[in-house]
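>>> Task: produce atomic coordinates for the following.
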Amino acid sequence: MPHRFLFAIHEAEPPPKPTAILRRLAQYGVTACVVLIVVAASVTLSPWDDDRLSFLMLPSVILILASRSGFANGVFATGLGALLIHLLTTQLSHRFGIPNGYELSEIMLLIASGITCSLVAQAMHGALRRARERGACG
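All right, here's what the predicted structure looks like:
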């Protein structure tokens, strides 16, 4: 059996069960739905607020999603949110071109804050895991 031989050499875990894969896909699906709802609400509220101020709620949503599902989900939410915001807020003639400095700085700030929120959530997961291993947390 070459399959068992490879596991013995690399000492890797066996492939994940189908339920774990489905659970992960469901987490990404929930993340995509939440990001879509937040961006749609932001686009809807944008005529009444100051320019693009309503997009400031996206990093807090990314922090909540990353704290529930992990770093990869936070980065996925960040990328999806940045893409949707870019596509929905730029003019049609500039949508697929190079954004101007103002739009580029907004997108880069959103990506930086989303990745930072994901890193903070990952650090919280690690601290909680270490506390549970020590028996300090129930």
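>>> Quick check: the gap between residue 57 and residue 127.
Distance, residue 57 to residue 127, using C-beta to C-beta, to the nearest Å: 26 Å. (Glycine included, C-beta is placed from N, CA and C.)
>>> More neighbours: which of these two?
residue 57 (14 against 11; other C-beta atoms under 10 Å).
>>> Checking the more buried one next. Helix, strand or coil?
Here residue 57 takes the helix state, with states given by DSSP: H, G, I helix; E, B strand; the rest coil.
>>> Enumerate every residue touching it.
Residue 57 makes contact with 38, 41-42 under the criterion C-beta atoms under 8 Å, 6 or more residues apart in numbering.
>>> One more pass at 6 Å, please.
With C-beta atoms under 6 Å, 6 or more residues apart in numbering as the criterion, no residue contacts residue 57.
>>> what about it, distance to residue 85?
Residue 57 is 12 Å from residue 85, by C-beta to C-beta.
>>> Equivalent analysis for residue 101, please.
With C-beta to C-beta as the criterion, residue 101 and residue 85 are 16 Å apart.
>>> Ok, residue 77 next?
Separation of residue 77 from residue 85 (C-beta to C-beta) stands at 12 Å.
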